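Colleague: Starting from these lines, generate the structure:
(chains A and B)
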Amino acid sequence: MLSKSQARTFFLGGTVVTFLAFIGLTVYSFQPSNDQTNHSKISSEVVRGKELWETNNCMGCHTILGEGGYYAPELTKVIDRRGEAYVKAVLQSPIPWGPNGRKMVKYQMNDADTKAMIEYFKWIGQIDLNGFDRVVSPLSKEKK
Amino acid sequence: MKYKSQKVAYWFFGLCMLLFTLQIVYGFIMGFARIGWDGLHDIIPFNTARAVHTNLLVVWLLTGFMGAAYYIIPEEAQRELINVKLAYVQLISLAVVGVVAIVGYHFNHWEGRKFLEIPRELDYLVVVNVLLFLGLILGTLYKAKRRTTTALVLTMGLVFAALLYLPGMIWFDSQVTDSFFRWWVVHLWVEGVWELIMGGILSYLLIKLTGVDREVIEKWLYVIVGLTFLSGLLGTGHHYYYIGVNKIWLVVGGIFSALEPLAFLAMALFAVYMYRKGEKSHPNKIALFWTVGASIVSFIGAGLLGFAHTLPQTNIYTHGTLVTAMHGHYAFWGAYAMIVLAIISYALPNLTGRKRYDKTTGHMAFWFSNIGILGMTVAFGVAGVAQVYMERKMKMEFMKVQDEISIHFVVLLLCATLFTTGIVMYIVEFIKYGKASDEGLQPATVNE
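Modeller: Next comes the predicted model:
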């Protein structure tokens, strides 16, 4: 029968081994040769777009990369699916956007911020998602 | 209670009740918005309601864990807390930070990262607050008359939870890297170190309620938390399948997250076996219901429902859908909400000196809330599966699908009403107990 000290060894040993493996895999994932995100193409506008994404808590309703609030559409490939003009109209709308009944917060973004959001969405849209975008229809217009 | 300083736990539990109530209110706002009743949109849009709902969950659970620690550690250490006044300062500052954060969300002041919406300046205050808490707990343990595995595991969970908050405070230009390290906080909390906290509280409650020998219970506690880290650390990979990182996570995440239910299964078997093995018939049946219930519901919610969509072949369809909300609600309820309600139910008679064991209201609170949340989980599940089929198989537009599944949110709201009735009954019982007082003091005996 298992003793308490053996149980403790199992806990400590298992934790240390899997922790080291986890750190190793994290380092491996972020090797430049394993980059799937076109990291070098992150411009200052993309970074500004991410700031706007976060400061307005867009993830509280929408999803991006499949993560978010499940209340409003997935936006990973929104430029591909809707086009820049549509996204610009939504972000600059003077009234809460809500063509399908659910209202969006009225942001009335200026041109610079709108451009940054579009650049952010364009960068996101180019990420290799391990096949997620080939299965999930709303992500890409040509996959409908 | 055996030590006067344990009384501070009462006020942490009281704050829990308040925050839990508010969390439910914001849940209703979200539920009604999903069926088109969004009259509060101009002052509380969905993203605000969601941030408040999820952050209140995290804060009330952490408050409960802290209260549990202030109650358990003195008994395990066989001495008073090293500084009770500072524990009250910590409680008040925690409440102030929480209130400021929640008010800020209504004015678009947040970080907008799921579960980690607290703005940066408040993050620093959270760190100071948690350091104060850990200082009091570790200081008490340092001066302890004995060191137990239960106290060690509980404290390890709390220390690791504090350390893992830090990766969430780093800014990354890349959304992918940001998401990757956000899961270090969120996943490694709820599917890692929080399980240590749960295991520590569960172990303490089983020792007290069943009378089974401490050595036996603590041996199996090591096995359970060992299984937790063995599967949970690399199981983080199930969040990395489709966010833009290497395919190796499809394999690693798939294998190890499939093993994650083992820890919860072990916890359920452990609790039920100890309950059956126990020779002590503790009069606090309600605490026993919540304790054994937590172990079983956490296995179903976190273990089985998590497994249902954890393999990459399934997750490619369910990622980013309401299936996740189904799993999330039942997992958080079973694993963490129920264990906090269990320790409160156990501690209240001892803190107040009023033995209101086995009251009908208490039993009804247990059953109403559990039946209600089960119904909510089924409603989320049906909505989620229907969403997957219509959106990802039939290729229907997101909003058209949302219209089709809105009826399931009517069911959800009805079940949530039953759930809320149960929680209101629990809070009524809490209030009826009255405040903590020295009447509950039963000094420790030498043998304990």
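Colleague: For chain A, which segments count as helices?
Modeller: For chain A, the helices defined by DSSP state H cover A:4-29, A:44-55, A:78-82, A:84-92, A:111-125, A:132-135.
Colleague: pLDDT value on the closest residue to residue B:156 other than its chain neighbours, please?
Modeller: Distance criterion CB to CB, 6 or more residues apart in numbering or on different chains; nearest residue to residue B:156, sequence neighbours excluded, is residue B:196 at 5.6 Å. The C-beta positions use only the backbone N, C-alpha and C, and glycine is treated the same way. For residue B:196, the model assigns a pLDDT of 94.
Colleague: Please identify the helix or strand for residue B:196.
Modeller: Using DSSP states H and E, residue B:196 falls within helix B:194-210.
Colleague: chain center to that helix: distance?
Modeller: Relative to its chain's centre, helix B:194-210 lies at 14 Å (CA atoms, centre = their mean, to the nearest Å).
Colleague: on contacts alone, who are the packing partners of that helix?
Modeller: Applying 3 or more CB pairs under 8 Å, 6 or more residues apart in numbering or on different chains; DSSP states H and E, one finds that helix B:194-210 contacts helix B:46-77, helix B:149-164, helix B:214-235, helix B:261-277, helix B:285-298, helix B:338-352.
Colleague: what about residue B:411, distance to chain A?
Modeller: 17 Å (CB to the nearest CB, to the nearest Å).
Colleague: And residue B:148, by the same measure?
Modeller: Distance of residue B:148 to chain A, computed by CB to the nearest CB: 12 Å.
Colleague: so what's that residue closest to, chain neighbours aside?
Modeller: Leaving aside its sequence neighbours, residue B:148 sits nearest to residue B:76 (CB to CB, 6+ apart; 4.8 Å).
Colleague: Ignoring the adjacent residues along the chain, who's closest to whatever residue of chain A ends up closest to chain B?
Modeller: Proximity of chain A to chain B (CB to the nearest CB) peaks at residue A:60, 2.6 Å away. Nearest residue to residue A:60, sequence neighbours excluded (CB to CB, 6+ apart): residue B:47, at 2.6 Å.
Colleague: biggest helix in chain B by residues?
Modeller: helix B:398-433.
Colleague: I figured residue B:198 hits residue B:340, correct?
Modeller: No - taking contacts as CB atoms under 8 Å, residue B:198 lies outside contact range of residue B:340: 9.2 Å.
Colleague: Spatially central residue for chain B, please.
Modeller: residue B:336 (3.0 Å; CA atoms, centre = their mean).
Colleague: OK, contacts around that residue?
Modeller: B:61, B:64, B:190, B:194, B:198 (CB atoms under 8 Å, 6 or more residues apart in numbering or on different chains).
Colleague: In a strand, it, correct?
Modeller: No - secondary structure of residue B:336 (DSSP: H, G, I helix; E, B strand; the rest coil): helix, not part of a strand.
Colleague: Most proximal residue of the stretch 51-200 of chain B with respect to chain A?
Modeller: Scanning the stretch 51-200 of chain B for the residue nearest chain A gives residue B:112, at 3.5 Å (criterion: CB to the nearest CB).
Colleague: That residue is in contact with residue A:54, isn't it?
Modeller: Yes - using CB under 8 Å, residue B:112 is in contact with residue A:54, at 3.8 Å.
Colleague: Who has more neighbours out of these two?
Modeller: residue B:112 (23 against 18; other CB atoms under 10 Å in any protein chain shown).
Colleague: Quick check: that one vs residue B:238, distance?
Modeller: 23 Å (CB to CB, to the nearest Å).
Colleague: got it, and residue B:7?
Modeller: 42 Å.
Colleague: wait, what's in contact with the closest residue to residue B:161 other than its chain neighbours?
Modeller: In space, and not counting its chain neighbours, residue B:161 is closest to residue B:193: 4.8 Å by CB to CB, 6+ apart. Residue B:193 makes contacts with B:156-157, B:160-161, B:164, as judged by CB under 8 Å, 6+ apart.
Colleague: Check residue B:159 too.
Modeller: B:134, B:138.
Colleague: So for it, what's the pLDDT?
Modeller: 95.
Colleague: now residue B:407
Modeller: Looking at residue B:407, its pLDDT stands at 98.
Colleague: Thought residue B:320 was touching residue B:309, still the case?
Modeller: No - the pair residue B:309 and residue B:320 does not pass the contact test of CB under 8 Å, sitting 11.2 Å apart.
Colleague: ok but the residue of the stretch 51-200 of chain B closest to chain A is inside a strand, no?
Modeller: No - counting by three-state DSSP, one finds residue B:112 to be coil, located in no strand.
Colleague: mind listing what the nearest residue to residue B:132 once chain neighbours are set aside touches?
Modeller: Excluding its sequence neighbours, the residue lying closest to residue B:132 (CB to CB, 6+ apart) is residue B:90, at 4.8 Å. Taking CB under 8 Å, 6+ apart, we find residue B:90 in contact with B:66, B:129, B:132-133, B:136.
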